[in-house]
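Q: Structure for the following, please:
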Amino acid sequence: MSRKRVAILISGGGSNMVALAKDMRDANHPAKPVLVVSNTANVGGLTKAADLGIPAAHVDHRPFKGDRQAFEKKLQEVLLAAKPDIICLAGFMRVLTPEFVAPWRGKMLNIHPSILPLFPGLHTHQRTLDAGMTVQGCTVHQVTGDLDAGPILGQAIIPVLPGDTAETLAARLLPFEHQLYPQVLRKFASGDTSKITLFGDQP
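A: So this is what the prediction gives:
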């Protein structure tokens, strides 16, 4: 059976992209990376993709000066040229319109740093602390036209520790993001959408 073709969208250092790509080095993996695209030029993730032997490109949103439709049209062209079966958003910091997402429905994944449906959007770690939560986590979900609201495929949950800041919480959660996303992609590319749940050590 041929391996699914995966395009990964990033905006920065690309640590989740690297975790996905390294897992796909397994010859028995049901998917393979065919493209990494950033919405910002000269970010570390593009260099890492090239070092991993993955074709890398950027579609910088800034020259489009707020013309989201024009930006998304160009991004769509770059993606379509790579003929992906699955798109993984991995720290991609642009909100995509329902029109962009529609052709990829059921084929696009995202990782979000909260236990959805709690805290969609930005600043999740600080919002978790402000709400007095005792746990925080991350979620891999299918992307729909509604922000951070698609079907959930996996979650990792860690305790909030006394003295945690948004920065320490983010740093402790990141290794679990790197575990969860590859596991979800491996199952998803095999046609399995059953949910994965990981738990961090209790204090």
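Q: now the one helix or strand residue 81 maps to, how far from the chain's geometric center?
A: Secondary structure assigned from DSSP states H and E places residue 81 in helix 68-82. The chain centre lies 18 Å from the centre of helix 68-82; the measure is Cα atoms, centre = their mean, to the nearest Å.
Q: What is the helix or strand just after it packed up against?
A: As assigned by DSSP H and E, the chain's next helix or strand after helix 68-82 is strand 86-89. Under the contact definition 3 or more Cβ pairs under 8 Å, 6 or more residues apart in numbering; DSSP states H and E, strand 86-89 sits against strand 4-10, strand 108-112, helix 166-189. In this view, the C-beta of every residue, glycine as well, is placed from N, C-alpha and C.
Q: do that again at 6 Å, thanks
A: Based on contacts counted as 3 or more Cβ pairs under 6 Å, 6 or more residues apart in numbering; DSSP states H and E, the elements that strand 86-89 packs against are strand 4-10, strand 108-112.
Q: Out of these, which is the most enclosed?
A: strand 4-10 (a mean of 25; mean count of other Cβ atoms under 10 Å).
Q: Give the rounded mean pLDDT of the strand or helix carrying residue 35.
A: Taking DSSP H and E as the criterion, residue 35 maps to strand 31-38. For strand 31-38, the mean per-residue pLDDT is 98.
Q: Tell me the spacing between the residue most central in space within the chain and residue 124.
A: Here the mean C-alpha position of the chain is nearest to the C-alpha of residue 90 (Cα atoms, centre = their mean), at a distance of 2.7 Å. Residue 90 sits 16 Å away from residue 124 when distances are taken as Cβ to Cβ, to the nearest Å.
Q: Find out how far stretch 137-156 is from the centre of the chain, if you would.
A: So, by Cα atoms, centre = their mean, the centroid of stretch 137-156 is 10 Å from its chain's centroid.
Q: Using CSV, write out every CA atom in that stretch.
A: Extracted C-alpha coordinates of stretch 137-156, given in CSV (Å, rounded to 0.1, in the frame of the first residue of the first chain):
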residue,chain,number,x,y,z
GLY,A,137,-2.6,19.7,28.1
CYS,A,138,-2.6,19.6,24.3
THR,A,139,-5.1,18.4,21.7
VAL,A,140,-4.7,17.1,18.2
HIS,A,141,-7.9,17.5,16.2
GLN,A,142,-9.2,17.6,12.7
VAL,A,143,-9.5,21.1,11.3
THR,A,144,-12.9,22.5,10.3
GLY,A,145,-14.1,25.9,9.4
ASP,A,146,-14.6,26.7,13.1
LEU,A,147,-11.5,27.7,15.2
ASP,A,148,-10.1,24.8,17.2
ALA,A,149,-13.4,23.0,17.1
GLY,A,150,-12.9,19.9,14.9
PRO,A,151,-13.2,16.2,16.0
ILE,A,152,-10.6,15.4,18.7
LEU,A,153,-8.1,12.6,17.8
GLY,A,154,-5.8,12.8,20.8
GLN,A,155,-5.0,14.6,24.0
ALA,A,156,-2.1,14.7,26.5
